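A.B. asks: Sequence isn't available, so here's the structure alone:
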């Protein structure tokens with residue numbers, strides 16, 4: 001028995017260095033394909049000081065030493081795989097299309113906001129199934145929002161505002177059941193608001209303002225009972241305000257100005273006891289303010305019929321001028 005134990009110990013001591021070397025090698029090479037993808041993207045960009053650390057090791061270094069985990073804006077997990085690319089306002093200039101998203105299967109956070117990134121959002125962004133936040137705001141990205149973004153079912157935040165995006169809002173965004181923030185404002189998005197957005201029951205902020213969105217406000221938005229802020233202003237929306245919006249009991253801001261919304265204000269809006277701000281100006285609304293608005297004790301800002309007032313005053317001035 002003693003001889004058996006001695007042999008086992010000798011065997012372990014002999015192979016331990018090899019096992020340790022293999023483990024170290026596996027850790028070091030985990031980020032190798034990701035490093036290659038990042039370096040390829042860097043080569044397509046205009047020189048940026050923020051990416052100075054993105055470089056290969058010395059010529060005499062082992063291939064196993066290549067790891068992006070200490071590069072600026074890059075974070076990794078314990079296995080050396082990239083989980084975060086965060087480069088806001090880093091002076092990046094180049095196309096987002098040239099970044100190989102399928103190389104980053106474990107990516108959780110991607111933030112390229114506040115740069116001069118151009119091109120279109122590639123469809124293979126839909127392969128980032130672990131992604132929880134995506135922020136591409138304040139760039140010059142064009143084209144439409146790919147339907148494949150609807151595959152990112154773990155997404156909490158989708159921020160694509162202040163770009164040159166066009167086309168319609170994909171109905172597949174309704175698949176993002178974990179989404180809490182959706183910013184698509186200041187683009188050139190057209191088409192209607194998909195009713196599937198009513199599936200996003202964890203959504204707290206929905207900003208679609210300053211686009212070219214048409215059609216009516218879908219009553220399904222009344223399902224968003226966690227919603228805190230809703231801004232649809234400066235679009236081409238028509239039709240009435242859906243009474244179903246009265247279900248949004250957590251809403252503090254309701255912004256609908258500068259559309260073509262018609263009809264009267266629903267009584268149900270008076271159910272929104274947490275409302276602090278309502279703006280419905282510059283819409284052809286009719287009728288009186290509902291008596292239920294007396295329930296809105298937290299209201300500090302309310303602009304319902306500014307357009308009507310301006311038109312009334314303008315018509316009076318016009319008649320006055322013609323009388324002379």
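C.D. replies: Cool, the structure landed. From a predicted model like this one, the values you see are computed outputs, not experimental measurements.

A.B. asks: Show me how the record splits the protein into domains.
C.D. replies: Domain ranges of the chain: 18-157, 190-324, per automatic domain parsing.

A.B. asks: Residue 263 versus residue 141, what's the distance?
C.D. replies: 36 Å (Cβ to Cβ, to the nearest Å). C-betas here are computed from N, CA, C, even on glycine.

A.B. asks: Torsion angles phi and psi at residue 215?
C.D. replies: The phi/psi pair for residue 215 (degrees, to the nearest 10) reads phi 80, psi -170.

A.B. asks: Residue 194 is in contact with that one, correct?
C.D. replies: No. Counting by Cβ atoms under 8 Å, residue 215 does not reach residue 194; the two are 9.7 Å apart.

A.B. asks: Confirm residue 124 sits in a strand?
C.D. replies: No. According to DSSP: H, G, I helix; E, B strand; the rest coil, residue 124 belongs to no strand; its state is helix.

A.B. asks: what residues are up against it?
C.D. replies: By Cβ atoms under 8 Å, 6 or more residues apart in numbering, the residues touching residue 124 are 100, 101, 102, 148.

A.B. asks: same question, residue 126
C.D. replies: 146, 148, 149, 150, 151, 152.

A.B. asks: mind showing which ranges of this structure have poor pLDDT?
C.D. replies: 1-31, 58-65, 305-324 (pLDDT under 70).

A.B. asks: ranges for the helices of it?
C.D. replies: Remark: helices assigned in the chain by DSSP state H are 2-29, 32-44, 306-322.

A.B. asks: Out of the contacts of residue 126, flag the one nearest to residue 231.
C.D. replies: Minimum distance to residue 231 across these is 20.7 Å, recorded for residue 149 (Cβ to Cβ).

A.B. asks: count of neighbours near the closest one?
C.D. replies: Neighbour count of residue 149, defined by other Cβ atoms under 10 Å: 22.

A.B. asks: so what's the spatially most central residue of the chain bridging to?
C.D. replies: For the chain, the residue sitting closest to the mean C-alpha position, by Cα atoms, centre = their mean, is residue 158 at 1.6 Å. Taking DSSP bridges as the rule, residue 158 bridges to residue 134, residue 182.

A.B. asks: Put together JSON lines for the domains of the chain, with distance to residue 178 on each row.
C.D. replies: Converted to JSON lines, these look like this (distance: least, Cβ to Cβ, whole Å):
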{"stretch": "domain 18-157", "distance to residue 178": "6"}
{"stretch": "domain 190-324", "distance to residue 178": "6"}
